[in-house]
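*Asks:* Fold the following.
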Amino acid sequence: MSSLNHVVLIGRLARDPELRHTASGTAVANFTLAVDRRLRPDGTKEADFIRVITWGKQGENCANYLEKGRLVAVDGRLQVRAYQGQDGQHRTTAEVITENVQFLSPKKKDANNGSDEASSPDAEMLDDGSPDGFDCQENPPL
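*Replies:* Numbering: from 1, shown residues only. Predicted coordinates for the structure are as follows:
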């Protein structure tokens, strides 16, 4: 029997993305996605805060165009890994490694003249020629 590891989430960024580069120069961005749970019987909401990792051009686009509060959809796989913290304790973390990130928030308005930002990936076409809601699949092999 085969197995399946596929995650699809829609939520808002809980913080701005952080962009780094590997020793070989590959871009990697990470951010935290706040995903609402169903309402409790008393009407209050809860959210899960999920770490998201995105590689390559997609990571650069996320770092350049996303910010805290923006609505996005991520499609990828769940990865659980162990590491040793700075205090020497062994820890585990779960994160989503993306294959696709869709920017769902509407275009921002320029405060000065009310026009749409032209540099946003929410524009009709990106500099790399990919359409709105781009799909950059530059995940390095793990």
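
*Asks:* contacting residues for the spatially most central residue of the chain?
*Replies:* The chain has Val52 as the residue nearest its centroid, 5.2 Å off, counting by Cα atoms, centre = their mean. Residues near Val52 by Cβ atoms under 8 Å, 6 or more residues apart in numbering: Asn30, Phe31, Thr32, Leu33, Val74, Gly76, Glu95, Val96, Thr98. Bear in mind the C-beta positions are built from the backbone N, C-alpha and C, glycine included.

*Asks:* Give me the nearest residue to Ala47, chain neighbours excluded.
*Replies:* The shortest distance from Ala47 to any non-neighbouring residue, by Cβ to Cβ, 6 or more residues apart in numbering, is to Ala34 (4.7 Å).

*Asks:* Flag every buried residue along stretch 54-66.
*Replies:* By 16 or more other Cβ atoms under 10 Å, the buried positions in stretch 54-66 come out as Thr54, Trp55, Gly56, Lys57, Gln58, Gly59, Glu60, Asn61, Cys62, Ala63, Tyr65, Leu66.

*Asks:* Let me fix that, I meant to ask about stretch 17-28.
*Replies:* So stretch 17-28, judged by 16+ other Cβ under 10 Å, has buried residues Pro17, Leu19, Ala27, Val28.
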